[in-house]
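S.K.: with the input below, show me the fold.
(one chain, ligands or ions: 1)
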Amino acid sequence: MNTIEILGVPISNITMDGAVEKVSEFMKSDGLHPVYTPNPEIVMLAKGNKAFLEVIKKADLVVPDGIGVVIASKLQKGERLPERVAGYDLVQNTMKRAVKEGYKYYFFGSKPGIAEEAAQKMRETYPGIQIVGTRDGYFKKEDEPAIIEDINASGANILLVALGAPKQEMWIEENKHLLPNVRVAIGVGGSLDGMAG
Ligand code: UDP
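M.R.: Modelled structure (predicted):
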């Protein structure tokens with residue numbers, strides 16, 4: 001993937017339509033593909049946190065969630081990012097093709113009740129969509145095997161992780177080898193709160 005570095009953080013040089021297509025390709029290929037959606041605040045965080053930066057570098061797609069990231073690319077030499085690709089909108093755009101393409105979502109994160117509320121709202125918005133599991137984002141280390149087991153048992157192939165940055169990205173990197181059915185895991189920040197309305 002062609003990337004443009006913003007403060008040393010590689011951001012995919014891609015449009016919204018291109019990102020939706022990429023997700024579709026990832027869904028059809030082997031392995032788990034991490035997708036991250038940094039805004040300027042998260043780019044700053046990665047700049048000062050080497051472990052987090054290394055995790056972002058291992059992603060298959062990193063989209064500019066904030067217009068500030070796109071503007072930063074215009075202020076530096078070289079290629080510019082084509083447009084803002086907000087994580088929330090990227091998720092909505094994948095949901096528009098979810099039924100046709102057989103996406104099965106698991107919503108993991110946010111406060112108790114929010115992921116389930118978000119799932120109900122999305123079932124109303126996208127009739128026929130499969131949201132096969134939900135789980136809140138407040139857990140102890142010892143709860144993690146059960147969470148992973150629940151994700152695997154659900155048959156989900158696309159996982160939305162809403163734990164905030166850098167927790168969600170670190171969680172995906174740490175656990176991706178334990179999630180054999182998941183093809184795409186997206187760090188979505190506050191998106192489940194947004195979907196729950
Ligand atoms: N969150 C969570 N577990 C935690 C910390 C945060 O589930 O231990 C959730 C929180 O409830 C919220 C989301 O993670 O839904 C973070 O949203 P925010 O907008 O702060 O994320 P950002 O995109 O700025 O990282």
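S.K.: from now on I want contacts and neighbour counts done on CA atoms only, so please keep to that.
M.R.: Fine.
S.K.: quick one, what contacts the closest residue to S154 other than its chain neighbours?
M.R.: Spatial nearest neighbour of S154, excluding adjacent residues (Cα to Cα, 6 or more residues apart in numbering): V132 at 5.7 Å. Counting by Cα atoms under 8 Å, 6 or more residues apart in numbering, V132 touches 104-106, 154-156.
S.K.: just say helix, strand or coil for V132.
M.R.: In terms of secondary structure, V132 is strand; the call rests on DSSP: H, G, I helix; E, B strand; the rest coil.
S.K.: quick check: the gap between M170 and the ligand.
M.R.: Counting by Cα to the nearest ligand atom, to the nearest Å, the gap from M170 to the ligand is 12 Å.
S.K.: can you get me a residue count around G102?
M.R.: G102 is flanked by 12 other residues according to other Cα atoms under 10 Å.
S.K.: quick one: it from A119, how far?
M.R.: For G102, the distance to A119 equals 16 Å [Cα to Cα, to the nearest Å].
S.K.: run the chain-centre distance for stretch 184-197.
M.R.: 8 Å (Cα atoms, centre = their mean, to the nearest Å).
S.K.: contacting residues around that stretch?
M.R.: Counting by Cα under 8 Å, 6+ apart, residues outside stretch 184-197 touching it are 23, 26-27, 32-37, 87-88, 107, 109-110, 114-115, 117-119, 121-122, 157-165, 168-169, 172.
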